[in-house]
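Enquirer: Structure here, sequence nowhere to be found:
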Ligand code: ADP
């Protein structure tokens, strides 16, 4: 029979397949098995609707590697194809996703293999044609169900066309034989003939195909009669093994599954030695139909807070894995979640680009976000110790989520936040804080520093503690950025106790402080002048109890934020408007007044030392330590 040409677009696709880069090649087996499974589904469905009396147990997909002949054969006893169907289905690309695919293929320059071409192949389920990634020749024998017993064979060696001839075939169904390419210097193809490689590929991609995928495995065993000998002998034998587990764990009922089942699955699938802190198993029907099985790991992977970490859930379409890491399914704030989603609503041949615009996927992603949130909420309310552990590992990510989303996620995430509380000496939610607020308290107070102990010792905390106000201690870099993004909670604003306009004094106190400041104006102005650019203001404060000075900030940028921003590798340095506050009741204030009157030149040294002391208490290093130390010494001797 004469050779027929592929349709133009098919030819182009074939060329792409044949030249595709190595890493994508292994998916060919998934594609063939999934076609076989579809064909079996069709026959099974027909049997059920037309009472043909076929039982599910009769169906199987068989894999036959032949190392000598260098062929790999995949057979099924599904619906099969007529001659016309062989021509139509395998001669053109006119099915499902393939059509869109064609439009996305960029023009291919002579001899070039642009990375764009390659990523297309990796992202698409490319169906039958992927066989050409590993084969120099593909032979498809098929006998349709309900035909007149005739069978046909379709043969192609790639882009130059195909032939269809009649042939003999005993059973109904399809048999696809791949003549595996010869190895090249760079690429090995014969590994697709190794039984363990095949077994692993099936486990990886097709474990949950609902029909058994079988293969005759060559094995070796101890000869029973020689087992007590000095030199026991071994013999080879073959055994047919079913390579897929067929029923995915996520499709099973929760009531049938133990914690051990879930944990075992997690460890196996996601390569973690440690059991997860939480398992979320959802089966949802309605606006989106899907099963999801998700895990919250106990510890952050070593690369979690680096650019290398890739978030995402595995994506299955009706039991067939179509994407290893679908990032669009997971919001950034829950990027630590591992797991998978299986939905009938998604087509197998869907590209990453198409997925991004897929309405169904968006619905699923939204519902997953909600589900993870409610799981965490449950843990927060019922298992606080466990939640605190979780928070240590991943709390920062949720805080980043609030900050990076410019507050878009605040509403949803703020009730997951916990911060260390000065009064509870433990973590508390903002909601809990607010219910404990004093009657005369109108803000949620927080303080930033390196450790809880250091914050607790800050001069600024004294006055608030005196009034019985609770303070949240923020020790992570992202904390203050997150809290500022929130702005308020239940109409209560967040306020840093390190800010210059804290205003916790009552009316009389305020008046008094104002008067002291007015009286000391020339002194304060001179101090400010000598400190120059380093401070925005020097003033007397009523909020300090035992400490001589403290540093606060008057703008939106706090000294702590300045510190965080400047620790990042940028040229532009951030600068907070720092205010040096002096305790009006501390003897140092009297001393300063005295120096101002009698030894004005020394005031600069005093201002400098006090400013540096304030920096130290805040946990910020002094700008010129040597100078600071020598000034201190000069005063002491
Ligand atoms: P898709 O599976 O996306 O439709 P493919 O290129 O993989 O695209 O296959 C094209 C068509 O060939 C399928 O839709 C199906 O009708 C037919 N086909 C492929 N493999 C088999 C098979 N093993 N048995 C019966 N029909 C098959």
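Expert: Received it, and whenever you're ready, just let me know what you need. Computed from a prediction, not measured in an experiment: that's the story for all the values here. Residues are numbered from 1 along each chain as shown.

Enquirer: what's the closest non-adjacent residue to residue 602?
Expert: Excluding its sequence neighbours, the residue lying closest to residue 602 (CB to CB, 6 or more residues apart in numbering) is residue 595, at 5.5 Å. For the C-beta atoms, the positions are set from N, CA and C on the backbone; glycine is no exception.

Enquirer: now the one you found: how far from residue 588?
Expert: Going from residue 595 to residue 588 by CB to CB, to the nearest Å gives 10 Å.

Enquirer: can you count the residues close to residue 31?
Expert: Neighbour count for residue 31, taken as other CB atoms under 10 Å: 23.

Enquirer: and it, what element?
Expert: In this structure, residue 31 sits in helix 27-49 according to DSSP states H and E.

Enquirer: Please name every helix or strand in contact with that helix.
Expert: In terms of contacts (3 or more CB pairs under 8 Å, 6 or more residues apart in numbering; DSSP states H and E), helix 27-49 is packed against strand 61-66, strand 71-76, strand 173-180, helix 195-206, strand 320-326.

Enquirer: and among the ones you listed, the most buried is which?
Expert: Most buried of the helices and strands packed on helix 27-49 by mean neighbour count (mean count of other CB atoms under 10 Å) is strand 173-180; its value is a mean of 23.

Enquirer: now the angle from that strand to strand 61-66?
Expert: In terms of direction (axes from the mean of the first three to the mean of the last three CA atoms, to 10 degrees), strand 173-180 departs from strand 61-66 by 30 degrees.

Enquirer: what about the helices in the stretch 451-600 of the chain?
Expert: In the stretch 451-600 of the chain, the segments counted as helices under DSSP state H, counting those that start in this stretch are 452-456, 459-466, 479-486, 507-519, 521-531, 559-566, 587-598.

Enquirer: can you count the residues close to the closest residue to the ligand within the stretch 51-200 of the chain?
Expert: Nearest residue of the stretch 51-200 of the chain to the ligand (CB to the nearest ligand atom) works out as residue 127 at 2.5 Å. Residue 127 has 23 neighbours, counted by other CB under 10 Å.

Enquirer: do the same with the one 10 residues further on
Expert: Residues within reach of residue 137, counting by other CB under 10 Å, total 16.

Enquirer: go on, the one 4 residues further on?
Expert: When counting by other CB under 10 Å, one arrives at 22 neighbours for residue 141.

Enquirer: before we move on, what about residue 306?
Expert: By other CB under 10 Å, 8 other residues sit near residue 306.

Enquirer: a strand runs through it, doesn't it?
Expert: No. Secondary structure assignment (DSSP: H, G, I helix; E, B strand; the rest coil) places residue 306 in coil, not in a strand.

Enquirer: residues in the protein within reach of the ligand, list them.
Expert: Within the chain, the positions near the ligand by CB under 6 Å from any ligand atom are 31, 35-36, 39, 76, 78-81, 89-90, 95-96, 127-129, 174, 349.

Enquirer: Return the residues in contact with the residue most central in space within the chain.
Expert: Nearest to the mean C-alpha position of the chain, by CA atoms, centre = their mean, lies residue 311 at 2.3 Å. By CB atoms under 8 Å, 6 or more residues apart in numbering, residue 311 lies in contact with 325, 327, 330, 332, 335, 336.

Enquirer: From the residues of the chain next to the ligand, keep the buried residues only.
Expert: Those of the residues of the chain next to the ligand that meet the buried threshold are 31, 35-36, 39, 76, 78-81, 89-90, 127-129, 174, 349, by 16 or more other CB atoms under 10 Å.

Enquirer: ok, which pair from these is furthest apart?
Expert: Spanning the widest gap among these are 80 and 349, at 21.6 Å by CB to CB.

Enquirer: number of nearby residues for residue 312?
Expert: For residue 312, the count of nearby residues is 18 (other CB under 10 Å).

Enquirer: So it sits against residue 330, correct?
Expert: Yes. Assessed by CB atoms under 8 Å, residue 312 is found in contact with residue 330 at 6.0 Å.

Enquirer: Which parts of the stretch 351-500 of the chain are strands?
Expert: All strands of the stretch 351-500 of the chain, identified by DSSP state E, counting those that start in this stretch, fall at 418-421, 426-429, 444-448, 471-474, 488-489, 492-496.

Enquirer: I'd like the ones you listed written out as CSV, with mean pLDDT and mean neighbour count added.
Expert: Output for those, formatted as CSV (pLDDT from 0 to 100; neighbours: other CB atoms under 10 Å):
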stretch, mean pLDDT, mean neighbour count
strand 418-421, 97, 20
strand 426-429, 97, 18
strand 444-448, 96, 24
strand 471-474, 97, 24
strand 488-489, 94, 17
strand 492-496, 94, 18
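
Enquirer: Quick check: residue 323 vs residue 151, distance?
Expert: 36 Å.

Enquirer: Run the chain-centre distance for stretch 267-276.
Expert: Relative to its parent chain, stretch 267-276 has a centroid offset of 16 Å by CA atoms, centre = their mean, to the nearest Å.

Enquirer: Can you get me the start-to-end distance on that stretch?
Expert: Terminal residues of stretch 267-276 lie 8 Å apart, using CA to CA, to the nearest Å.

Enquirer: in it, what counts as buried?
Expert: Residues 269, 272, 275, 276 are the ones in stretch 267-276 that count as buried (16+ other CB under 10 Å).

Enquirer: Name the residues that touch the helix or strand the first one falls within?
Expert: In this case it means residue 269. Assigned by DSSP H and E, residue 269 belongs to helix 259-270. The contact list for helix 259-270 (CB under 8 Å, 6+ apart) reads 249, 272, 273, 275, 276, 279, 281, 293, 295, 297, 338.

Enquirer: No more questions from me, cheers.
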